[in-house]
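Colleague: sequence below, structure please.
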Amino acid sequence: AIHPYTSWIPILAYIFFRNLFPKMRSYHLDLFAWLGKITLETYISQLHVYMQDNARQLIVYIPDYPLMNFVVATVIYILISYILFHLTTEFSAYLLPKDLKVVLKQVTIVAILVCLALLLAFATREVGML
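Modeller: Okay, the predicted model is just below:
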């Protein structure tokens, strides 16, 4: 297994040749830019997609085909990371809006929902359902 010792060579070669000439610095790979956007989500979801049993075993999608397992897991991994990126963006815009009126409205809605949930919990406990 020489991969851990040689995987840095193409990365450094790309960085070296890209920065060698000013003209090449004006170009970029869209794949790297796109993957850079979802880096947080890929970091968070990697163990959930690739590993099982408390990160001791790889998940097997297709038995006896390790390379196909890697391809399938990577496609699932990238897809989940992309979806999580959009969810993170939506939730952060919802939780941290720029308008104070929107913040007050959302806090009021959450407070009402919490109160309703508490009332429902107490009502079901009094009736004897819990």
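Colleague: CA atoms for contacts and neighbours, from now on please.
Modeller: OK.
Colleague: in its sheet, what does the worst-scoring helix or strand of the chain on mean pLDDT sit against?
Modeller: When each helix and strand of the chain is scored by mean pLDDT, DSSP states H and E, strand 51-52 comes last, with a mean of 76. Applying DSSP bridges to the sheet, strand 51-52 is found paired with strand 57-58 (antiparallel).
Colleague: residue 58 bridge partners, please.
Modeller: Here residue 58, judged by DSSP bridges, has bridge partners residue 51.
Colleague: what about residue 38, distance to residue 54?
Modeller: Using CA to CA, to the nearest Å, residue 38 is found at 24 Å from residue 54.
Colleague: quick one, which of those two is more surrounded?
Modeller: Remark: of residue 38 and residue 54, residue 38 carries more neighbours, 18 against 8, as counted by other CA atoms under 10 Å.
Colleague: give the helix, strand or coil label for the spatially most central residue of the chain.
Modeller: Per CA atoms, centre = their mean, the C-alpha nearest to the average position across the chain is that of residue 41, at 2.2 Å. With DSSP: H, G, I helix; E, B strand; the rest coil as the basis, residue 41 sits in helix.
Colleague: burial of the nearest residue to it once chain neighbours are set aside, as a residue count?
Modeller: Distances taken as CA to CA, 6 or more residues apart in numbering put residue 81 closest to residue 41, at 5.0 Å, once the chain neighbours are dropped. Counted with other CA under 10 Å, residues neighbouring residue 81 total 24.
Colleague: which element is residue 81 on?
Modeller: helix 66-95 (DSSP states H and E).
Colleague: which strands and helices sit next to that helix?
Modeller: Judged by 3 or more CA pairs under 8 Å, 6 or more residues apart in numbering; DSSP states H and E, the packing partners of helix 66-95 are helix 39-50.
Colleague: so who does residue 19 touch?
Modeller: residue 25 (CA atoms under 8 Å, 6 or more residues apart in numbering).
Colleague: good, we can wrap up now.
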